[in-house]
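>>> Pasting the sequence and the predicted model now:
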Amino acid sequence: MVTEPRRILFVEDEKTIREAVSAYLEREGYWVTSAADGQEALEQFAKHRFDLIVLDLMLPKVPGEQVCRVIRDASDVPIIMLTAKGELEDRVRGLELGADDYLVKPFSPRELVARVRALMRRAKVTEEPQRDRLVFGLLEIDVAGHKAFLDGRELDLTASEFKLLLTLSRYPGRVYSRMELVEKVLGYDFEGYERTIDSHVKNLRAKLDDDPKDPTFIYTVHGVGYRFEAPKTDDE
Ligand code: CA
């Protein structure tokens with residue numbers, strides 16, 4: 001089975017480590033985007049979808065701690081935190097911030113790849129399989145029929161609105177940037193069109209009777225884009 005190479009964001013301010021480890025990961029078959037500081041990391045995160053993030057804790061501009069918090073608030077992407085030797089407090093803090101694993105510097109690239117593989121496997125297991133019919137509380141999506149129903153009533157959606165709804169709901173909890181949604185829903189990638197996604201979301205929300213201030217389905221992720229959540233049921 002041919003699978004798409006997995007995309008990694010590697011955030012590290014030390015140039016020699018950044019270059020050597022990126023090259024190593026690429027040789028292992030991953031697509032690597034590197035960032036040299038916290039600000040660049042957040043910019044990359046807003047622009048692309050990553051399967052995993054390797055994040056140094058001590059970073060210029062925006063500290064790794066804050067980068068981790070922002071990413072974790074927006075997404076479930078696995079995060080491996082890099083910490084300085086012996087700083088136990090840093091490691092504990094990294095995990096409290098929502099990192100999935102940590103690695104103490106200096107580390108061998110081989111060790112990093114082993115951790116990356118383990119986390120990717122874990123993430124893959126929890127991925128939603130492709131299904132013909134998606135049901136989220138009162139919302140039902142007929143994938144093959146390109147139809148959606150709310151409380152049994154068929155929604156009058158445009159082709160773009162349906163595509164948007166399907167894209168978001170395929171992976172509840174995953175955050176999509178506006179740019180990603182433009183690419184997936186509208187099929188072109190001019191930055192000027194990012195805001196057209198906002199109007200599609202606005203129309204879709206109106207049809208779903210979804211209040212942006214108190215959403216049931218579509219959540220705004222500030223500064224990034226949108227995510228879909230399955231509504232909570234009473235017995236949860
Ligand atoms: Ca550093």
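Cool, got the structure.
>>> C-alpha only now, for contacts and for neighbours.
Fine.
>>> tell me the SS of the closest residue to the ion within the chain?
As assessed by Cα to the ion, the ion sits closest to residue 58 within the chain, at 4.2 Å. Following DSSP: H, G, I helix; E, B strand; the rest coil, the label given to residue 58 is coil.
>>> The nearest residue in space to it that is not next to it in sequence: how many residues sit nearby?
Nearest non-adjacent residue to residue 58, counting by Cα to Cα, 6 or more residues apart in numbering: residue 64, 5.8 Å away. Residue 64 has 25 neighbours, counted by other Cα atoms under 10 Å.
>>> And residue 64, its phi and psi?
phi -50, psi -30 (degrees, to the nearest 10).
>>> List the contacts of it.
38, 55, 56, 57, 58 (Cα atoms under 8 Å, 6 or more residues apart in numbering).
>>> what does residue 12 give?
18, 34, 35, 36, 37, 55, 56, 59.
>>> didn't the second one look like it was pressed against residue 10?
Yes - contact between residue 34 and residue 10 holds when scored by Cα atoms under 8 Å: they sit 4.6 Å apart.
>>> mind checking the SS state of residue 62?
Residue 62 ends up coil, using three-state DSSP.
>>> Can you list the low-confidence ranges for this protein?
1-4, 85-94, 124-131, 188-192, 233-236 (pLDDT under 70).
>>> what about the strands in it?
Taking DSSP state E as the test, the strands found in the chain are 7-11, 31-35, 52-56, 79-83, 101-104, 133-136, 139-142, 147-150, 153-154, 175-177, 218-221, 225-228.
>>> what are the pairing partners of the first one, and which direction each?
If I follow you right, that is strand 7-11. Its sheet considered, strand 7-11 pairs with strand 31-35 (parallel), strand 52-56 (parallel) by DSSP bridges.
>>> hey, C-alpha coordinates of that strand in CSV?
Extracted C-alpha coordinates of strand 7-11, given in CSV (Å, rounded to 0.1, in the frame of the first residue of the first chain):
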residue,chain,number,x,y,z
ARG,A,7,4.4,15.7,7.2
ILE,A,8,6.5,17.0,10.2
LEU,A,9,7.1,20.5,11.5
PHE,A,10,10.5,20.6,13.1
VAL,A,11,11.0,23.6,15.4
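>>> quick one: that strand near the ion?
No - counting by Cα under 5 Å from the ion, the ion is not contacted by strand 7-11; separation bottoms out at 8.8 Å.
>>> contacting residues around that strand?
18, 22, 30-38, 41, 44-45, 49-56.
>>> Same question for the shortest one.
Outside of strand 153-154, the residues within contact range by Cα under 8 Å, 6+ apart are 147, 148.
>>> report the longest helix in the protein, please.
Counting residues, the longest helix in the chain under DSSP state H turns out to be helix 109-125.
>>> between residue 34 and residue 10, what contacts are shared?
18, 22.
>>> Apart from its chain neighbours, what residue comes closest to residue 136?
Closest to residue 136 by Cα to Cα, 6+ apart is residue 230, at 5.3 Å.
>>> Okay, residue 230 and residue 5: tell me how far apart.
Residue 230 is 28 Å from residue 5, where distance means Cα to Cα, to the nearest Å.
>>> who's more crowded, these two?
Legend: neighbour count by other Cα under 10 Å for residue 230 and residue 5, higher for residue 230 (17 against 13).
>>> Phi, psi for that one please.
phi -70, psi 130.
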